[in-house]
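J.: My questions concern the predicted model and sequence given below.
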Amino acid sequence: MRQLNVGIIGYKFMGRAHSNAWKKASLFFDIPFQPVLKVACGRHLDGLTEFADKWGWEETETDWRRLIERDDIDVIDIATPQHLHAEIALAAAKAGKHLFCEKPLAMTSAQAEEMLRACQASGVTHYLNHNYRRVPAIALAKRMIDDGLIGTVYHWRAAYQQDWITDPNFPLTWQLQRELAQAGPQWDLNSHCVDLAHHLVGQITDVTALTRRFIDQRPLAMEGAMGNLKAEASRTGMGQVTVEDAALMLVNFKNGAVGSFEATRFANGRKNKLSFEIYGSDGAVTFDLERLNELRYFSNRDPDGLSGFRTLLTTDESHPYIKNWWPAGHIIGYEHTFIHAVADFVTALGQGTAIKPDFSDGVAILKVLEAGLKSATEQKTVTIEY
């Protein structure tokens, strides 16, 4: 099998998730290339070396530009914070490298459009890792909707809720600074929800939104691991939070459906709850990431007296991706969605086909998110121009 040399930029949370996927994909999926964990790149050599040794990366590099210049690298995996995505992707596309990029794609839709044009000009494959499309239950929901099982879609309702910054003493990390994150949960969390809405329902035409910041100032974070941040915070000054803590949107879809979105980091008790509900003329499907292996389905076609939501355990080999894993009833987890993404990405490279979502999807997502921020600021409905 021909090798596919991967260079990854970024080695924290997403670097680990991606590394696991590159290592596991060929063990469970019949893919045309063997991914090779060739080079890991990051700013801090000590942490980078530890990461590379643990995950099996052959070499390390502290300058991403030198990594991109290497002739033996086929794929650049961008696992950095979003303010770094555009510059890296533009250079990688110009160098003819295929791109596997974390979400959200960029800081602005204009940046994202420039990244898309660069990829199109060079002819490289570009993938935006909204990994939740590759949850088997969500992939099954897509199949059911396309097959007409819930009829004409009327309603979309999504919520992405976390609680990791509810403590006022939680420090001012990069996620809370506009210059590094562009926005708060509107970017980080609602980007996932908008991608799923586009995927499952269709294009969004206009947005009415509000945002709220609950805590304006936080202790300045010292350099170090996330686990040490609270201890360090007590010995530092205070800094200004410059993004929202919660964002809510009401939208219209091109096909006539209506929808709502809630994204917050202030939902106590919710660690990573992504849920959606889709209601149609003939039924409904609902999903909750905290129950990743389940899809709830309601059908108007059920006979009287037997009508109601049923829970589908999506672990049968007939369900998307599952035949590559374990016997029915043996659940999978969050990390498997990344493995599915790598398998699909490598397959697309082998077949010379596109993979979704790509950078064009990233542009569309950011246009919706920007419209939401504009709507909240100007207190009016904003129409989206694609």
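T.: Alright, I've got the coordinates. Numbering: from 1, shown residues only.
J.: Please name the nearest non-neighbouring residue to Leu180.
T.: Trp174 (4.2 Å; CB to CB, 6 or more residues apart in numbering). C-beta: built from backbone N, CA, C; applies to glycine.
J.: Surely that neighbour and Asp188 touch.
T.: No: Trp174 is beyond contact range of Asp188, at 11.1 Å (criterion: CB atoms under 8 Å).
J.: what about those two, which has more around it?
T.: Neighbours were counted for Trp174 and for Asp188 using other CB atoms under 10 Å; Asp188 has more, 20 against 12.
J.: still on that earlier bit, so what sits against both of Trp174 and Asp188?
T.: Jointly contacting Trp174 and Asp188 under the rule CB atoms under 8 Å, 6 or more residues apart in numbering are Ala181.
J.: Can you report how many residues neighbour His155?
T.: 15.
J.: My error: substitute Leu250 in the last question.
T.: 16.
J.: Can you give me every residue that contacts it?
T.: Residues near Leu250 by CB under 8 Å, 6+ apart: 207-209, 258-260.
J.: Report the separation between the residue most central in space within the chain and Thr337.
T.: Nearest to the mean C-alpha position of the chain, by CA atoms, centre = their mean, lies His130 at 3.3 Å. Distance from His130 to Thr337, counting by CB to CB, to the nearest Å: 10 Å.
J.: Now for Ala91: which residues touch it?
T.: Going by CB under 8 Å, 6+ apart, Ala91 touches 64-65, 68.
J.: now for the top helix by length along the chain, which elements pack on it?
T.: Using DSSP state H, we find that the single longest helix of the chain is helix 359-378. In terms of contacts (3 or more CB pairs under 8 Å, 6 or more residues apart in numbering; DSSP states H and E), helix 359-378 is packed against strand 98-102, helix 109-122, strand 126-129, helix 185-188, helix 190-200, strand 204-212, strand 246-253, strand 382-383.
J.: That one - what's its average pLDDT?
T.: If you average the pLDDT over helix 359-378, you get 98.
J.: what residues are up against the residue lying closest to Trp57 once chain neighbours are set aside?
T.: Nearest-residue entry for Trp57: Ala40, 3.9 Å, with adjacent residues in sequence omitted and distances by CB to CB, 6+ apart. For Ala40, the contact set (CB under 8 Å, 6+ apart) comprises 7-8, 11, 15, 19, 48, 51-52, 55, 57, 59-61.
J.: same thing but at 7 Å, please
T.: Contacts for Ala40 (CB atoms under 7 Å, 6 or more residues apart in numbering) come out as 8, 11, 48, 51-52, 57, 60.
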